Each structure stands twice: as structure tokens, then as C-alpha cells.
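> sequence first, predicted model second:
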Amino acid sequence: MKVSTGVAIVAAIIVCQWWSNLFSQTGYVANPISSLPATAATTPPSIQVVSTTLPNGLQQIVLVETNSRVMSVYQIPPQDGKIQLKSVRNLSSDFALEEFNAMTPLPSELRQIR
């Protein structure tokens, strides 16, 4: 029961964010659309949600806001259902890496073969 309450709270957060973005695009929020980056002003919010139960019993929810490329990780213990924010990360730098490989052949070495 407490875990489902946690999921409901996270879902409510997502809906609230979507709702506030909807109104910010129609001018009802104090932040005018002109202050937003062009992609945020023209692209509707897109949130991907993955929920899983970990082997230790914790429910883990990962939210990825695909427009801003930000990932958030939450965990919810089944005993009390309290949502704990574990990590937030902007993924833009990750996607900008040309190579990240611990073993040879490195991607740059493979490109030289061509």
C-alpha cells in the first residue's frame, strides 16, 4: 500500500510538471515563454518513467526528461513509502562524449581501420 502511495505521488509530480508547462506555453505562468530556450518553448515536455523493484525490496523510479536530457532516480522503501531522491544528472555531457571505453580497441582506433 505504501509503495503504491509513493508511485501515486511521483505520478502527481509528473502531472503537475506537465500542467505547469502547458500553462507556461499559453502565458498563465509568471515566466514568459520568451525567457525559455527555443527548444523548450517549442517542444512539449516529454518524461519517460521506469519503475522496478530492486532485490533488496526498494522500489526504484527513474524519470528522464528527454527535452532537457535530465535523469532523476528515486527510491521508495516498502516499510514507510517515503520517496527518497537518490540522484539527478544532466545527461548532455554524457551524450557529447565521443568515446568512453575501458578496453581496446577504442572507438577511435576502430575508425582508423576504415
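Thanks, I have it.
> can I get stretch 99-114 in CSV, CA atoms only?
Output of stretch 99-114 as CSV, limited to C-alpha atoms (Å, rounded to 0.1, in the frame of the first residue of the first chain):
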residue,chain,number,x,y,z
GLU,A,99,34.4,7.6,-26.7
PHE,A,100,34.3,6.1,-23.3
ASN,A,101,35.6,2.7,-23.4
ALA,A,102,37.9,0.9,-20.9
MET,A,103,39.2,-1.7,-23.3
THR,A,104,40.9,-1.8,-26.6
PRO,A,105,40.0,-1.4,-29.3
LEU,A,106,38.9,2.1,-28.6
PRO,A,107,36.3,3.6,-31.0
SER,A,108,38.9,6.0,-32.4
GLU,A,109,41.2,3.0,-33.2
LEU,A,110,38.3,1.3,-35.0
ARG,A,111,37.6,4.4,-37.1
GLN,A,112,41.3,4.5,-38.2
ILE,A,113,40.9,1.0,-39.7
ARG,A,114,38.4,2.2,-42.3
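> what sits up against that stretch?
Glu98 (Cβ atoms under 8 Å, 6 or more residues apart in numbering). Using the backbone N, CA and C atoms, a C-beta is placed for each residue, glycine as well.
> could we number from 44 for the rest of this?
Happy to do that; since the first residue is 44 now, the last one works out to stretch 142-157.
> which stretches of this protein have low pLDDT?
Along the chain, the model assigns pLDDT under 70 to residues 44-86, 144-145, 157.
> can you give me the strands in it?
Along the chain, the stretches classed as strands by DSSP state E are 90-96, 102-108, 113-119, 127-133.
> who are the packing partners of the third one?
I take that to be strand 113-119. Counting contacts by 3 or more Cβ pairs under 8 Å, 6 or more residues apart in numbering; DSSP states H and E, strand 113-119 packs against helix 45-69, strand 102-108, strand 127-133.
> try it again at 10 Å.
helix 45-69, strand 90-96, strand 102-108, strand 127-133 (3 or more Cβ pairs under 10 Å, 6 or more residues apart in numbering; DSSP states H and E).
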